[in-house]
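A.B. asks: sequence and computational prediction follow.
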Amino acid sequence: MFENYSDSQVYLAIVLAPLIGSIIAGVFNAYISRAVAHTVTIVGVAISFVLAVFVFKYFAFDGAPIYNETVYTWLVSDGIRFEIGFLVDNLTSMMLVVVSFVSLMVHLYTIGYMSDDPGYKRFFSYISLFTFSMYMLVMSNNFLQLFFGWEAVGLVSYLLIGFYYKKESAIFANMKAFLVNRVGDFGFILGIAGILMVFNTLDYADVFAAASSKANLTTELFPGTEWSMMTVICILLFVGAMGKSAQVPLHVWLPDSMEGPTPISALIHAATMVTAGIFMVTRMSPLFELSETALSFILVIGAVTALFMGFLGIIQNDIKRVVAYSTLSQLGYMTVALGASAYSAAVFHLMTHAFFKALLFLAAGSVIIGMHHVQDIRQMGGLKKYMPITYWTSLLGTLALIGFPGFSGFYSKDSIIEAVHASTIPGSTFAYYAVLIGVFVTALYSLRMFFIVFHGEERMDHHTKEHLKESPWVVTVPLVLLAIPSVIIGGMTITSVLYGDYFNNVVFVQQAHDVLGQLKESYHGPLSMILHGIMTAPFYLMVAGIATAWYLYMKKPELPGKIKNSFGLIYDILDNKYGFDAFNEKVIAGGTRGLGNILSKFGDIMIIDGFVVNGSAKSVAWFSSIIRHVQTGYLYHYAFVMILGLIGLLGLVIF
């Protein structure tokens, strides 16, 4: 099996191993022990990871040709084939390694984090099913299977965010995530319908091959206005990505997803659901390259998300929500890269971000375990001496996140900033300054949390302090294993992924949009990039962010409170999350309920009940009350009516 990269059994095993583990842990929940539940799911994901590493080796190092085969045909309708199949290339193999490794670490970590939870076996079943769903998405070779994986990760995220189904806030959060993603998915399925209408196929290879010939097609969305069909399709597809990858204004579900257990926060935010949109747009690069309007739209949306979601991270006091808003901001960076046609940079940041964001979430979970499930950072402080492994791994993850020179995040984030700077797509200037300011903001909120949690005054209660200790090995080992790629993976892979031929024949960029091609001319290796990086604006902004956080939260900890009081209006705007939640609840949800009440009152009560149901009943009763007088019971009355009827018929015949 390992010797043949074209063997479909390898790819089926990657997909089915976690599914089988999920079925055993879920269906046989009542009949198996906890040890069996976590063993079968971990073994399933471990098998997928090992096979994914071999697949990655075949494509990255052995130069294997692209694998694109149908597993089976689900349906044929009017000559259109609806199939399940696998497309495996360098992009897929990278995603498989990232998803499987992070998922494996989360599975191991869950043994320690969920050890006392009554839903232990159910949780393992869900996270394995989540992994299966993401595999189906990234390995798809057609839009039908893509949509299946797309909806499957949405479904499992609904189950996981609302895992504590007796907790009201968790039920609200998972319903919010479900509904917001339905808005995005409505656009997504319309985009797929547009693909089917224009290309008469859902197969990637056929669509991409014919894309350039359809570039000039137009459609009238409104009478008298012509739109490029490719622009309409690409924007609709991206609306789906806005939901899954949480871009403004469809970002509102992601912070509330913290209601789920910490391990699933790491899986959602690092390697599965939120990366689906970034992956999809990269896979669809042959289409998006044909619409500069769509690219400009993506660029601006990403820039707004990167900057303004970062601002919200500064005022959060829940340790998981700080990391959640960091995810929103970093997804904005990836989206900006997509809009600048730097697809490789977007996926590169996706890959590096997966490791250090999973690390930060799991480290936050380790802190929560030590603090007996207290999540408010204002009740922490001085944890360095109690939790040294968590401290040092958190430090490495934080340095990677802020883009400290030499760490993985430095290579990917700085590459995005430089790519946007070189871009000429409309909106690129705004995007450049947004991601540049975002460097300062990222350093500020990241070091704010780090200093408050691990340094300074110990603010926990006496009981918590007495029992405070490092987390068990099943928690700390995944932290260490995730810290390693958080430090080194960027420098190891940047040359081949961004400036080499790794994405040849996978990602397509028009010559006019090839910003990474321009950057390649001045790239002379990872070490040279570090030396250059310490003389650029992002480095100085990062240092300024670190210094500001140190001064405000270590040197003068009383200052943040004074600043909050002095800028109360700005704080209120940030605290209200720019009013998105209020708008959605009062205008969207409230308006929908109001419309429903109107329709219920006038449509249901007055028309359906009043006219159709009750009205018809009353009409029958009225007619019956009149016609029943015909039934007198006297024979001569009936004979008289018969004679009248006969005379009437004769009259019709004669006249």
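C.D. replies: Yes, it's here. Numbers count the residues shown, from 1 in each chain.

A.B. asks: ranges for the helices of the stretch 51-200 of the chain?
C.D. replies: 90-113, 120-139, 143-161, 168-199 (DSSP state H, counting those that start in this stretch).

A.B. asks: so can I have TSV of those showing mean pLDDT and mean neighbour count?
C.D. replies: Quick note: C-beta positions are derived from backbone N, CA and C, even for glycine. Below are those laid out as TSV (pLDDT from 0 to 100; neighbours: other CB atoms under 10 Å):
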stretch	mean pLDDT	mean neighbour count
helix 90-113	93	25
helix 120-139	94	26
helix 143-161	93	22
helix 168-199	92	18
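
A.B. asks: among the ones you listed, which comes closest to A60?
C.D. replies: helix 90-113 (6.5 Å; CB to CB).

A.B. asks: thinking again about what came up before, nearest to I546, out of the helices of the stretch 51-200 of the chain?
C.D. replies: In terms of CB to CB, the element of these nearest to I546 is helix 90-113, at 27.0 Å.

A.B. asks: who does that closest one touch, helix- and strand-wise?
C.D. replies: Here helix 90-113 touches helix 8-27, helix 34-60, helix 120-139, helix 262-270, helix 276-283, helix 343-370, helix 473-499, going by 3 or more CB pairs under 8 Å, 6 or more residues apart in numbering; DSSP states H and E.

A.B. asks: so where's the stretch 551-655 of the chain shaky on pLDDT?
C.D. replies: For the stretch 551-655 of the chain, the stretches flagged by pLDDT under 70 are 603-606, 609-612.

A.B. asks: same thing but at 80, please
C.D. replies: Low-confidence regions of the stretch 551-655 of the chain, defined by pLDDT under 80, span residues 586, 588-593, 595-618, 627-634, 636-638, 655.

A.B. asks: helices of that one, residue ranges please.
C.D. replies: Here the stretch 551-655 of the chain has its helices, by DSSP H, counting those that start in this stretch, at 559-566, 568-575, 580-583, 590-598, 614-627, 635-654.

A.B. asks: dump the ones you listed to CSV, plus distance to L160.
C.D. replies: Below are the helices of the stretch 551-655 of the chain laid out as CSV (distance: least, CB to CB, whole Å):
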stretch, distance to L160
helix 559-566, 34
helix 568-575, 27
helix 580-583, 21
helix 590-598, 26
helix 614-627, 46
helix 635-654, 75
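
A.B. asks: quick one: closest of the ones you listed to R459.
C.D. replies: Proximity to R459 (CB to CB) singles out helix 559-566 among the helices of the stretch 551-655 of the chain, at 14.3 Å.

A.B. asks: name the residues that touch that closest one?
C.D. replies: 551-553, 571 (CB atoms under 8 Å, 6 or more residues apart in numbering).

A.B. asks: narrow those residues to those that are buried.
C.D. replies: Neighbour-count burial (16 or more other CB atoms under 10 Å) applied to the contacts of helix 559-566 gives 552-553.

A.B. asks: keep only those of the contacts of helix 559-566 that are in strands.
C.D. replies: Assignment to strands by DSSP state E places none of the contacts of helix 559-566 there.

A.B. asks: from the contacts of helix 559-566, pick the one nearest L104.
C.D. replies: Lowest distance from L104 to the contacts of helix 559-566 (CB to CB) belongs to Y553, with 35.0 Å.

A.B. asks: residue contacts, the closest one?
C.D. replies: Contacts of Y553 by CB under 8 Å, 6+ apart are 447-448, 451-452, 456, 560.

A.B. asks: just the buried ones from those residues?
C.D. replies: Using 16+ other CB under 10 Å, the buried ones in the contacts of Y553 are 447-448, 451-452, 456.

A.B. asks: mind putting those residues into JSON lines with secondary structure, pLDDT and distance to H524?
C.D. replies: As requested, the buried ones among the contacts of Y553 are exported to JSON lines (DSSP: H, G, I helix; E, B strand; the rest coil; pLDDT from 0 to 100; distance: CB to CB, whole Å):
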{"residue": "L447", "secondary structure": "helix", "pLDDT": "95", "distance to H524": "31"}
{"residue": "R448", "secondary structure": "helix", "pLDDT": "95", "distance to H524": "35"}
{"residue": "F451", "secondary structure": "helix", "pLDDT": "95", "distance to H524": "36"}
{"residue": "I452", "secondary structure": "helix", "pLDDT": "94", "distance to H524": "40"}
{"residue": "G456", "secondary structure": "coil", "pLDDT": "84", "distance to H524": "42"}
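
A.B. asks: thank you kindly, that will do.
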